[in-house]
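# Any chance you can model this:
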Amino acid sequence: MKEKKSSYFTATWKMLAAVIIGGIAGGVSVVIYELMKKGIDAGIRTINGTIQQYIFPALIIIAVVTVVVGEYSLYRLKNV
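Just a heads-up that it's a prediction; the model follows:
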């Protein structure tokens, strides 16, 4: 017999996919806008500065999410 997946589970995956797609589309749009606005050299310098400014907070967020997902997975394994 096939188990039915939770609607919350499928909705969460759909939301995650939408966030990833939106992030990629937004990032590409910003890069194209910066390159067109100031020229190639100045645009690349601006993009590099922005990436350097936000890379550390982004890595912290990724680390926290990884720990939370890992703890949740261990919790689920204990209940099996």
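
# can we go C-alpha only for contacts and neighbour counts from here?
Fine.

# residue nearest the centroid of the protein?
Ile20 (5.4 Å; CA atoms, centre = their mean).

# What ranges does the chain have for its helices?
Secondary structure of the chain by DSSP state H: the helices cover 7-38, 40-78.

# would you turn the ones you listed into JSON lines with mean pLDDT?
Formatted as JSON lines, the helices of the chain follow (pLDDT from 0 to 100):
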{"stretch": "helix 7-38", "mean pLDDT": "84"}
{"stretch": "helix 40-78", "mean pLDDT": "85"}
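
# who touches the residue nearest to the centre of the chain in this structure?
Contacts for Ile20 (CA atoms under 8 Å, 6 or more residues apart in numbering) come out as none.

# ok, it to Leu35 distance?
Plainly put, Ile20 is 23 Å away from Leu35 if you go by CA to CA, to the nearest Å.

# got it, and Leu74?
45 Å.

# now Ala25
Applying CA to CA to Ala25 and Leu35 gives a distance of 16 Å.

# Which residue of the two possesses the greater neighbour count?
The neighbour comparison of Ala25 against Leu35 (other CA atoms under 10 Å) goes to Leu35, with 18 against 11.

# Not counting its neighbours along the chain, what's nearest that one?
Gly43 (4.5 Å; CA to CA, 6 or more residues apart in numbering).

# how many other residues sit next to that neighbour?
Look at Gly43: counted by other CA under 10 Å, it has 18 neighbours.

# likewise Gly39?
11.

# Over to Met36?
Met36 has 12 nearby residues by other CA under 10 Å.

# Which residue, other than its chain neighbours, is closest to it?
Distances taken as CA to CA, 6+ apart place Gly43 nearest to Met36, at 7.7 Å, with adjacent residues excluded.

# Who are the contact partners of that neighbour?
Val31, Glu34, Leu35, Met36, Lys37.

# Identify, from those residues, the entry nearest to Val68.
Val31 (31.4 Å; CA to CA).

# now that closest one: how far from Ile62?
Distance, Val31 to Ile62, using CA to CA: 22 Å.

# Look at the two and report which has more neighbours.
Higher neighbour count among Val31 and Ile62: Val31, with 15 against 12, using other CA under 10 Å.
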